[in-house]
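Undergrad: Could you look at this predicted model? Sequence included:
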Amino acid sequence: MLQAPFEIEPLVEFLDAIKTAATRKSYLKRLSHFFDDIQIEGPTLQVKAKTFIEKARADNQWATSVVLDFIRAQKERVERGEIVGATVDNQWKPIKLLLQENDILLNFKKISRRIPPSKSYGNDRAPTTDEIKAIIANGGRRMKPIVLTMISSGIRVGAWDYLRWGDVEPIKSGDELAAAKLTVYSGEPEQYFSFITPEAYKALKEYVDFRERSGEKISPSSWLMRDIPYGDHLGKQGHDITRPKRLTAKAVKREVEDALRVSGIRPAGVRKKRWEFQAVHGFRKYWKTVCECKMKTLHVELLMGHQTGLNANYYRPKEADLLEDYLKAVLDLTLFERPAKETGKDIASVKKELSELKARIAQMEAYNQKVMTGSNAQLAQLEEETLVEQQDDFNQIIAQSPVVDFEASETGPTAAQLNASLTKGRVKDT
């Protein structure tokens with residue numbers, strides 16, 4: 001009896017090649033848009049994928065044609081300003097993967113040359129310190145430990161699907177808490193570690209202690225973030241405290257977005273594809289921006305979980321070396337618990353001190369002007385009094401001088417007599 005040939009599901013092959021859940025979700029969404037655009041019919045995405053692969057296997061020219069038509073339509077959207085070039089490349093990636101994983105090899109170089117050029121980075125920025133504080137202030141009880149952990153470790157939002165209480169290890173220097181080690185993607189091939197600030201560790205510890213006081217049994221395997229066992233300020237209902245459920249990365253992103261709207265950073269009712277900074281990835285960008293100013297770039301990349309290429313084969317710093325470098329950035333990564341003796345002055349404080357200094361300088365200049373004006377008046381009065389005294393002395397000398405009579409001389413006074421009279425006394429007019 002002949003056995004039926006083994007049938008492979010194209011979509012299963014496609015999904016098996018994707019490592020992360022986040023990538024899997026985005027690829028499926030883009031693949032669905034592609035099938036709708038080229039009018040592949042079917043009740044499910046799985047059926048549509050099978051139909052497309054069967055037609056592509058039977059006619060490579062047809063497959064190349066529909067892919068090029070799809071890319072051409074997306075390029076026109078780029079020219080109209082509806083999307084950016086990078087979006088077209090991202091739309092092409094799942095299509096190419098589906099074809100490759102089902103052994104259908106088109107002229108990929110020809111297709112890739114049709115992809116419009118794009119920047120390798122976005123125009124978004126990192127959130128400011130004030131914006132981060134506003135997000136924390138307008139979030140629930142979990143918001144502070146979530147945000148402080150992300151801005152002090154640089155983890156991706158997807159890490160929350162794996163983080164447990166046992167992944168956080170406090171690091172002390174003597175009796176003082178210096179930092180905490182955070183193991184990311186524990187047990188996974190992508191596992192790495194980073195650090196968090198003492199401030200972030202305390203926020204996590206307070207949150208976990210609160211759960212324990214409320215009746216939850218805490219152990220190293222407990223999820224670092226869990227569902228709400230109580231109502232929150234946004235009206236969400238609580239769940240059973242004794243049966244915790246993991247707070248997913250998707251839920252973390254949604255909570256941050258809620259806080260952005262409540263704080264007014266993102267106005268309610270306004271829908272945009274791109275904002276000035278990304279809701280959760282902005283925290284990772286904030287961490288990198290701060291740490292690049294204080295740490296070695298290679299250490300920053302390692303603590304972000306990035307691949308460092310050939311350097312990984314030759315440069316393998318010890319955990320202590322990474323911690324020593326990280327401690328240089330702890331103060332700048334701390335939002336609320338900055339030591340008073342080390343706290344840097346913010347711009348508002350500097351402006352206030354500068355204004356006060358200018359006022360004091362103006363007062364001093366006014367005082368000096370007053371003194372100088374008074375001094376000039378006193379000097380003029382002194383000069384006048386001196387002249388009066390000199391005139392009085394002169395008059396007194398004149399009054400005491402003897403009178404010289406020149407009437408006896410027929411020819412008048414001689415030059416010698418005049419000189420003598422000027423020396424001994426005054427001359428009497430004839």
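TA: That came in fine, so what should we check first?
Undergrad: C-alpha from now on. contacts and neighbour counts both.
TA: Fine.
Undergrad: Show me what counts as buried in the helix or strand hosting Q100.
TA: If you go by DSSP states H and E, Q100 is part of helix 85-101. Using 16 or more other CA atoms under 10 Å as the test for burial, helix 85-101 gives 85-86, 88-89, 91-92, 94-99, 101.
Undergrad: again, but for stretch 60-72
TA: Quick answer for stretch 60-72 (16+ other CA under 10 Å): A63, T64, V67, L68, F70, I71, R72.
Undergrad: Report the separation between L331 and W275.
TA: According to CA to CA, to the nearest Å, L331 stands 28 Å off from W275.
Undergrad: More neighbours: the two, which one.
TA: L331 (16 against 12; other CA atoms under 10 Å).
Undergrad: Over stretch 55-62, what's the mean pLDDT, rounded is fine.
TA: For stretch 55-62, mean pLDDT rounds to 94.
Undergrad: Also stretch 27-44?
TA: Mean predicted lDDT for stretch 27-44 stands at 94.
Undergrad: So for it, what gets flagged as buried?
TA: Y27, L28, R30, L31, S32, F34, F35, I40.
Undergrad: Make sure the first one is actually in contact with P94.
TA: Yes. Under the contact definition of CA atoms under 8 Å, Y27 touches P94, with a separation of 5.4 Å.
Undergrad: on that earlier part again, now the buried residues of helix 85-101 in JSON lines, with pLDDT?
TA: As requested, the buried residues of helix 85-101 are exported to JSON lines (pLDDT from 0 to 100):
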{"residue": "G85", "pLDDT": "86"}
{"residue": "A86", "pLDDT": "86"}
{"residue": "V88", "pLDDT": "92"}
{"residue": "D89", "pLDDT": "92"}
{"residue": "Q91", "pLDDT": "94"}
{"residue": "W92", "pLDDT": "95"}
{"residue": "P94", "pLDDT": "96"}
{"residue": "I95", "pLDDT": "96"}
{"residue": "K96", "pLDDT": "96"}
{"residue": "L97", "pLDDT": "96"}
{"residue": "L98", "pLDDT": "96"}
{"residue": "L99", "pLDDT": "96"}
{"residue": "E101", "pLDDT": "95"}
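Undergrad: ok, so of these, who is nearest A279?
TA: For the buried residues of helix 85-101, the residue nearest A279 by CA to CA is A86; the value is 19.8 Å.
Undergrad: Could you tell me the end-to-end distance of stretch 130-150?
TA: Using CA to CA, first and last residues of stretch 130-150 are 16 Å apart.
Undergrad: Now for the buried residues of stretch 27-44: which two are most distant?
TA: Pairwise over the buried residues of stretch 27-44, using CA to CA, the maximum falls at Y27 and I40, 16.9 Å.
Undergrad: can you give me the mean pLDDT across stretch 276-283?
TA: Stretch 276-283 comes out at a mean pLDDT of 88.
Undergrad: Can you pull the poorly scored residue ranges out of the protein?
TA: Along the chain, the parts satisfying pLDDT under 70 run over 1-6, 119-123, 229-239, 310-313, 338-351, 353, 367-368, 370-430.
Undergrad: what sits against the closest residue to E292 other than its chain neighbours?
TA: Nearest non-adjacent residue to E292, counting by CA to CA, 6 or more residues apart in numbering: V300, 6.8 Å away. By CA atoms under 8 Å, 6 or more residues apart in numbering, the contact set of V300 is K288, C291, E292.
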